[in-house]
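**Student:** From the sequence below, what's the structure:
(one chain, ligands or ions: 1)
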Amino acid sequence: MIQGRSLASKHLGEEGCGGDDAHYCSRAHCTASFTMVSKSAPPRRRGYHERHAIFCSSQSRFRIPGGRRVAPPMKRFVVLISGRGSNMASLLDASASGRLPAFPAAVISSKPEAEGLSTARNAGVETRVVVPARFPSRAAFDEALAGTVDAFSPELVILAGFMRILGNDFVRRFAGRLVNIHPSLLPAFPGLNTHRRALAEGVRFHGCTVHFVTPDLDHGPIIAQAVVPVFDDDDEASLSARVLEKEHLVLPQAVAWFVEDRLTVVEGRVRLDAPR
Ligand code: GRF
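**Tutor:** All right, here's what the predicted structure looks like:
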């Protein structure tokens, strides 16, 4: 009995899965692969792809009237990061657990030392690094980044702590499928040092915003926001930790709405449609 093979067989045997004797699922949405592990091998923690395959194979809600199961239309997303990557990790977790019905095609960092890169690699997600200093101009960097993103054919590109301002050409290329998470209640405090500025202004409420990206920095149509109180004894660290906790909830939720085709932008405002 081969542990990895039995899991693969279960997944590969499903309706919509093109593989037969291979160890790869050839569904368009799914790049799950399987490791052959003999029964005598020591127990191991399931990798991202394996958990994803189990999730795929457990989706019984995608049925057509004859009762046959069809492959879920899993959309792909790419996350752009520059550092810690905790928001990116919240997306990978939500995807692996099935709360977010979308596949993390890749994580791309503008910094080779970004902590989030190892988090993504450990989860079995493809990573790339595109460093601005290696390009002669901002436009050349944007072009290289766009090409790297496009190579993964994502339906959605997510800026999650990506510390570069992207040019208009990049934004236009991904218009309507480029979202950002910003640590303030936009339109208040666009730009940097949001928590410090919120404390300096004495606001009683602060929070985070997920929005579509437009050429105007931190000003695109708002998809979701979460609010936190500001306490008298808060400092930058305590306030940012309180906001970050909300970011990890609101970003996967906003992305789930996007991949479920529930978001429509009408005159600069985002309408959330009912689940289909
Ligand atoms: C988050 O606060 C996000 O809102 C902002 O940058 C920070 C990134 O944190 N854009 P992490 O890298 O996701 O941990």
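
**Student:** If you drop the residues flanking it in sequence, what lies closest to residue 240?
**Tutor:** Once flanking residues are discounted, residue 240 sits nearest to residue 195: 4.6 Å by Cβ to Cβ, 6 or more residues apart in numbering. The way it works is simple: take the backbone N, C-alpha and C, and place the C-beta from them, glycine included.

**Student:** Could you check which helix or strand contains the one you found?
**Tutor:** helix 194-201 (DSSP states H and E).

**Student:** Paired strands for the host helix or strand of residue 180, with orientation please.
**Tutor:** Applying DSSP H and E as the criterion places residue 180 in strand 178-182. Using DSSP bridges, strand 178-182 pairs in its sheet with strand 156-159 (parallel), strand 205-212 (antiparallel).

**Student:** To residue 176, which of these lies closest?
**Tutor:** With respect to residue 176, and counting by Cβ to Cβ, the nearest of these is strand 205-212 at 6.9 Å.

**Student:** Please point out which parts of the closest one sit buried.
**Tutor:** Going by neighbour count (16 or more other Cβ atoms under 10 Å), the buried part of strand 205-212 is 206-212.

**Student:** Out of those, which is nearest to the ligand?
**Tutor:** Nearest to the ligand, judged by Cβ to the nearest ligand atom, of the buried residues of strand 205-212 is residue 208 at 5.9 Å.

**Student:** Nearest spatial neighbour of the closest one, chain-adjacent residues omitted?
**Tutor:** Counting by Cβ to Cβ, 6+ apart, residue 208 lies nearest to residue 247, which is 4.7 Å off, once chain neighbours are set aside.

**Student:** Give me the distance between the residue of the chain found nearest the ligand and residue 206.
**Tutor:** Going by Cβ to the nearest ligand atom, the ligand is nearest to residue 161 of the chain, at 2.7 Å. Distance, residue 161 to residue 206, by Cβ to Cβ, to the nearest Å: 18 Å.

**Student:** Enumerate the residues of the protein near the ligand.
**Tutor:** 81, 83-87, 116, 160-161, 181-183, 208, 244, 247 (Cβ under 6 Å from any ligand atom).

**Student:** Could you say which of these is surrounded by the most neighbours?
**Tutor:** Greatest neighbour count in the residues of the chain next to the ligand, by other Cβ atoms under 10 Å, goes to residue 81: 28 neighbours.

**Student:** State the pLDDT value of that residue.
**Tutor:** pLDDT, the model's per-residue confidence, is 98 for residue 81.

**Student:** Lovely, talk soon.
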